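# Pasted the sequence and its predicted model underneath.
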Amino acid sequence: MPRRWAGVAVRGDLRVIYLGGLGRSGSTLLERLLGELPGACAAGEVVHMWQRGIVENERCGCGREFRSCSFWSQVGMAAFGGWENVQVDRFAALRASVDRTRFIPLLAGPLPARMRRSLEKYTDYYVRVYRAIAEVSGRPAVIDSSKHASLAFCLSRRPEVDLRVIHLVRDSRAVAYSWTTTVARPDASAESYMTTYRPLRAAGQWNTQNGALQLLGRRGTPVLRVRYEDLVGSVEQTMLTLGQFAGLPSGDGGLAFLGSDGDSRCAVLHEAHTASGNPMRFSSGTVTIRGDERWRTAMPYSDRRTVTAMTLPLLSHYGYVGRAA
Ligand SMILES: [Zn+2]
């Protein structure tokens, strides 16, 4: 589906498969599975690479520190002549001026000239990194699991990027419950934990991010929605559909990494050089694919009721309530 740029249908040559949605929806699992398809390179959450990788030198998915990982060193060299040439402060200032959730209504329409210039400079960083990832990995499709809808809007304005957004949704109650749990981050050398949100905040974010990604689809960017529950429940079928959407051939043995382990479905995953993400990015070898349903028994009833009420319109639209889920 070509997008239009200055009135002309254009499809860029730089293919980026962007995973959008709210965190704790299973995007790391999805990214790892997509990264096994021929021609795809899983890069992790590129949005966090600038601070957590370049500045804080957190660990890559391969287990090495960012600056010691030869893949990312080569990417930095190809993109900027070395990461030391990236002015992260300048990048952060540009990001603050364009890539924010509250700018999405603006990003969905014609931009003021000044903001357009900032957006071009900001997204130049991403275009350089994506090109370098494709070049260094030798795989033409880069998977970015940054998730934020605002970044997807920014990238959608670049004519050279063939942006395909996979909108991953998960039951809002499961997501909100997950945001309340404490999860250790093995990414940094010092003890750290993933951010937590109270259910009310998670529900608000769930509405905002999901609503924004639906808007992006209506603005002409190819967006395909997939439910986490369908991914883990029928992984082969879902991966076939996603592979087709992403232009990643998954027929003829392309899904041979999926199999069974007793009664469970599983995947054999290779090491991936992911810049940031859920701790699952460090797993390799045989990984069980099983839906996380703890929220059904562990979530306090009052939280469940609040989140259901707050997210009811989209929860119903996605088929989680009111009809067979
Ligand atoms: Zn690495």
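Looks like it arrived, so ask away. Small disclaimer: the values here were computed from a predicted structure and weren't measured. Numbering: from 1, shown residues only.

# Near the ion, which residues of the chain are found?
With CB under 5 Å from the ion as the criterion, the chain comes near the ion at residues 60, 62, 69, 71, 273. To be clear about C-beta, it is placed using only N, CA and C from the backbone, and glycine gets the same treatment.

# Top of these by number of neighbours, please.
Taking other CB atoms under 10 Å to define a neighbour, the member of the residues of the chain next to the ion with the most is residue 60, carrying 27 neighbours.

# Skipping adjacent residues, who's closest to residue 315 in space?
Here the nearest residue to residue 315 in space, its sequence neighbours aside, is residue 321; by CB to CB, 6 or more residues apart in numbering that works out to 5.2 Å.

# on that earlier part again, looking at the residues of the chain next to the ion, spot the one nearest residue 181.
Proximity of the residues of the chain next to the ion to residue 181 was ranked by CB to CB; the top entry is residue 60 with 24.9 Å.

# For the nearest residue to the closest one once chain neighbours are set aside, give me its contacts.
What sits nearest to residue 60 in space, not counting adjacent residues and going by CB to CB, 6+ apart, is residue 69, at 4.2 Å. Residue 69 makes contact with 60, 62, 273, according to CB atoms under 8 Å, 6 or more residues apart in numbering.

# show me what contacts residue 285?
With CB under 8 Å, 6+ apart as the criterion, the residues that contact residue 285 are 268-269.

# Show me where the stretch 101-250 of the chain has its strands.
Counting by DSSP state E, counting those that start in this stretch, the stretch 101-250 of the chain has these strands, from start to end: 141-147, 161-169, 223-227.

# Need the winner for burial among these.
Burial among the strands of the stretch 101-250 of the chain, expressed as mean neighbours by mean count of other CB atoms under 10 Å, is greatest for strand 141-147, which shows a mean of 27.

# by contact count, what packs against it?
On a contact count with 3 or more CB pairs under 8 Å, 6 or more residues apart in numbering; DSSP states H and E, strand 141-147 meets strand 14-20, helix 27-34, strand 40-42, helix 46-48, helix 113-137.

# Quick check: residue 136 vs the ion, distance?
For residue 136, the distance to the ion (CB to the ion, to the nearest Å) stands at 11 Å.

# what number of residues lie near that residue?
Applying other CB under 10 Å, we find 20 residues neighbouring residue 136.

# For burial, what's the neighbour tally of the residue lying closest to it once chain neighbours are set aside?
In space, and not counting its chain neighbours, residue 136 is closest to residue 74: 4.6 Å by CB to CB, 6+ apart. For residue 74, the number of neighbouring residues by other CB under 10 Å comes to 16.

# next one: residue 234
Residues within reach of residue 234, counting by other CB under 10 Å, total 13.

# Now it. Its backbone dihedrals?
phi -140, psi 80 (degrees, to the nearest 10).

# can you check residue 189 too?
Per degrees, to the nearest 10, the residue geometry at residue 189, taken as phi and psi, is phi -70, psi -30.

# what's the pLDDT at the one residue sitting closest to the centre of the chain?
Against the mean C-alpha coordinate of the chain, by CA atoms, centre = their mean, the closest residue is residue 145 at 2.0 Å. Model confidence at residue 145, given as pLDDT, is 96.

# Verify the contact between it and residue 41 for me.
No - with contact taken as CB atoms under 8 Å, residue 145 and residue 41 are classed as non-touching, separated by 11.9 Å.

# and for the two, which residues touch both?
Counting by CB under 8 Å, 6+ apart, residue 145 and residue 41 have no contacts in common.

# which stretches of the stretch 201-325 of the chain have low pLDDT?
Along the stretch 201-325 of the chain, the parts satisfying pLDDT under 70 run over 323-325.

# Which part of it gets nearest to the ion, residue-wise?
Using CB to the ion, the point where the stretch 201-325 of the chain gets nearest to the ion is residue 273, with a distance of 3.6 Å.

# The spatially closest residue to that residue that is not a sequence neighbour in helix, strand or coil?
In this structure, residue 273 finds its nearest non-sequential neighbour in residue 71, 4.1 Å apart by CB to CB, 6+ apart. Per DSSP: H, G, I helix; E, B strand; the rest coil, the secondary structure class of residue 71 is helix.
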